[in-house]
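Trainee: build me a model from this:
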Amino acid sequence: MKRKGIVENILNKRIAVVKLEGLVGLGSLVLSREMKPIGSVTDVIGPVKEPYAVVVLKRDIRKVEKGGTVFFKPRKT
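Mentor: The predicted model follows:
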């Protein structure tokens, strides 16, 4: 099942900081509400009880907004 998170901030239109509802793995695919890929998780930061994901957005993505909901799909190993 996919975990979800809320976009807390967007930096330079290329990096999103997402407040997580549970942990996600590095390299997880990040999906929009429409379940379209928008980026990938490059780091997980903050306290264990309130983690944040650092997400590098794809170059052609323009619809990510602060306060928006995103979903995560684990990377296949």
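Trainee: can you tell me the SS state at Val54?
Mentor: Put simply, Val54 is strand when judged by DSSP: H, G, I helix; E, B strand; the rest coil.
Trainee: that one and Ser40 touch, don't they?
Mentor: No - Val54 sits out of contact with Ser40 when judged by CB atoms under 8 Å, with a separation of 10.0 Å. To be clear about C-beta, it is placed using only N, CA and C from the backbone, and glycine gets the same treatment.
Trainee: helix or strand for Phe72, which one?
Mentor: Assessed by DSSP states H and E, Phe72 sits inside strand 69-73.
Trainee: output the contacting helices and strands for that strand.
Mentor: Here strand 69-73 touches strand 3-11, strand 29-31, going by 3 or more CB pairs under 8 Å, 6 or more residues apart in numbering; DSSP states H and E.
Trainee: what's the next secondary structure element after the last one?
Mentor: Using DSSP H and E, the helix or strand that follows strand 29-31 in sequence is strand 37-45.
Trainee: one more: the first one?
Mentor: Proceeding N to C from strand 3-11, the next assigned helix or strand is strand 15-20, under DSSP H and E.
Trainee: pull the residues that contact that next one.
Mentor: Contacts of strand 15-20 with the rest of the structure, by CB atoms under 8 Å, 6 or more residues apart in numbering, involve 3, 5-11, 30, 39, 44, 50-57, 64, 70.
Trainee: what about 10 Å?
Mentor: 3-11, 24, 30, 38-39, 41-46, 50-57, 61, 64-66, 68-70, 72 (CB atoms under 10 Å, 6 or more residues apart in numbering).
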